[in-house]
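Novice: build me a model:
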Amino acid sequence: GLDWRIMIMAPVETDPRDTILPGDSMFSILIAIAILGVLVCSVLVFLLVKKRNQREVIVSDWRFMSAFVLACALLNASCLSFIGPNTNVMCLLRMWLVHFFFVLVLSLLLVKTYRIYKLVGSTFIHRVSISHAQTAQMTLPFVVVQAGILLAFTFVDPNKQVEIVESDGSNISHRYVCDHDTPAFF
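Specialist: As a prediction, this is how the structure comes out:
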């Protein structure tokens, strides 16, 4: 009564499709687009600061607009985190950078839009004043909630390197991807 099990072992190369490495066609494109985005945003901030005494720029609230454009530059720069292998650190860094800077950009845009609505869109005749400090305080809840969500996922269900081996007949593929257990939020 011996039960024999025969295993056939064959070497399998790791599939690089889920990573962006030097030599990949997307490598240069990703770097070029990210750097172009950072440069365009940097030029816009420079022009806003340089022309801050012109009426059009004063009316557009150059300080808050500069913060928005700088946040856009950071969001563009965060795309560079997708370069390299899928390690636990890189998976977590990608999750944090993209989601955090996206919410920062969106919060600045929404608060700026709300502020303009309150200042010029009101049907009442009386003058409404919203200071820069009040405007900055309005963006904080968005950023704090996003940081809380990211912290919760960092400790409860972090985005980490997952090894996937797929077999389709004699074709076996091996790859590393960034993944987490729950599909919530991302």
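
Novice: am I right that Trp4 sits in a strand?
Specialist: No. Counting by DSSP: H, G, I helix; E, B strand; the rest coil, Trp4 is not part of a strand but coil.

Novice: number of nearby residues for it?
Specialist: Neighbours of Trp4 under the rule other CB atoms under 10 Å: 4. For glycine as for every other residue, the C-beta is placed from the backbone atoms N, C-alpha and C.

Novice: from Ser167, how far off is it?
Specialist: 22 Å (CB to CB, to the nearest Å).

Novice: Asn159 too?
Specialist: Counting by CB to CB - Asn159 and Ser167 are separated by 26 Å.

Novice: settle it for me: which of the two has more neighbours?
Specialist: Using other CB under 10 Å, the more surrounded residue of Asn159 and Ser167 is Asn159, with 21 against 10.

Novice: and that one, backbone torsions?
Specialist: phi -70, psi 120 (degrees, to the nearest 10).

Novice: and Lys160, by the same measure?
Specialist: According to degrees, to the nearest 10, Lys160 has phi -140, psi 170.

Novice: let's have the chain start at 35 instead
Specialist: All set: I'll call the first residue 35, so the last point we hit is now Lys194.

Novice: is it true that Asp95 touches Val145?
Specialist: No. The pair Asp95 / Val145 is not scored as a contact, 10.9 Å apart, by CB atoms under 8 Å.

Novice: neighbour-wise, which of the two wins?
Specialist: Val145 (22 against 18).

Novice: tell me the buried residues in the helix or strand containing that one?
Specialist: According to DSSP states H and E, Val145 maps onto helix 122-154. Within helix 122-154, the residues that count as buried by 16 or more other CB atoms under 10 Å are 124-135, 137-142, 145-146, 149.

Novice: one more: stretch 84-95?
Specialist: In stretch 84-95, counting by 16+ other CB under 10 Å, buried: 91, 95.

Novice: which residues touch it?
Specialist: By CB atoms under 8 Å, 6 or more residues apart in numbering, the list of residues contacting stretch 84-95 from outside reads 82, 96, 146, 149, 166.

Novice: can you pull out the helices in the chain?
Specialist: 59-84, 89-93, 96-112, 122-154, 166-190 (DSSP state H).

Novice: so which of those helices is nearest Tyr210?
Specialist: helix 122-154 (9.4 Å; CB to CB).

Novice: hang on, the earlier thing: redo the helices of the chain as JSON lines? Include distance to Arg209 and mean pLDDT.
Specialist: Formatted as JSON lines, those follow (distance: least, CB to CB, whole Å; pLDDT from 0 to 100):
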{"stretch": "helix 59-84", "distance to Arg209": "16", "mean pLDDT": "94"}
{"stretch": "helix 89-93", "distance to Arg209": "50", "mean pLDDT": "83"}
{"stretch": "helix 96-112", "distance to Arg209": "23", "mean pLDDT": "93"}
{"stretch": "helix 122-154", "distance to Arg209": "14", "mean pLDDT": "89"}
{"stretch": "helix 166-190", "distance to Arg209": "23", "mean pLDDT": "91"}
